[in-house]
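Enquirer: Could you work out the structure for the sequence below:
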Amino acid sequence: MSQKVVIALMCVAAGAAALSVAFASADDQPVKDETRLVVLWTSGDREVAIRMAFMYTHAAGKAKWWDRVTLVVWGPSARLLSEDVELQEKVKKMQASGIDVKACIVCADSYGVTPQLRELGIEVKPMGRPLSGMLQSGWTLLSV
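Expert: Next comes the predicted model:
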């Protein structure tokens, strides 16, 4: 292999590494001794939302059982949240308690509810890469 080819390959590799760093979010960056919980809420069942996903997530954030708590709205939960005023109020209370709430844009778009979720102050974005980064950097996952 010629020296020019090797140099070109090294430049491509360096560019790819820089690109992956540029796309990493602050959520992916571990902080020493910080406890981090991500609750992946996928169920379209209202009782699961009230009696498990929201109950634990809100308590964990308010009581500081974890340093950081994030609720991710994914799949059928996006549609349920967009239609249920009581659940929307619970999400607002969680946000006021410092819980970060995000939603998968692919799911939200598939149900046609992206504008409704954004109106709730939820960050709606592609979540595959951020969730993977959270898991790879040591976040604890609770999936409901």
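Enquirer: okay, and the helix or strand of this structure with the least pLDDT?
Expert: Across the helices and strands of the chain, the lowest-confidence element by mean pLDDT, DSSP states H and E is helix 3-23, at a mean of 39.
Enquirer: helices or strands up against whichever helix or strand comes after that one?
Expert: Going down the chain from helix 3-23, the next helix or strand is strand 36-41, by DSSP states H and E. With contacts defined as 3 or more Cβ pairs under 8 Å, 6 or more residues apart in numbering; DSSP states H and E, strand 36-41 has these neighbours: helix 55-62, strand 68-73, helix 128-136, strand 140-143. Backbone N, C-alpha and C define where each C-beta goes, glycine included.
Enquirer: Ranking the ones you listed by mean neighbour count, which comes first?
Expert: Comparing these by mean neighbour count (mean count of other Cβ atoms under 10 Å), strand 68-73 ranks first with a mean of 24.
Enquirer: in its sheet, what does that strand sit against?
Expert: Strand 68-73 has its sheet partners listed here by DSSP bridges as strand 36-41 (parallel), strand 100-104 (parallel).
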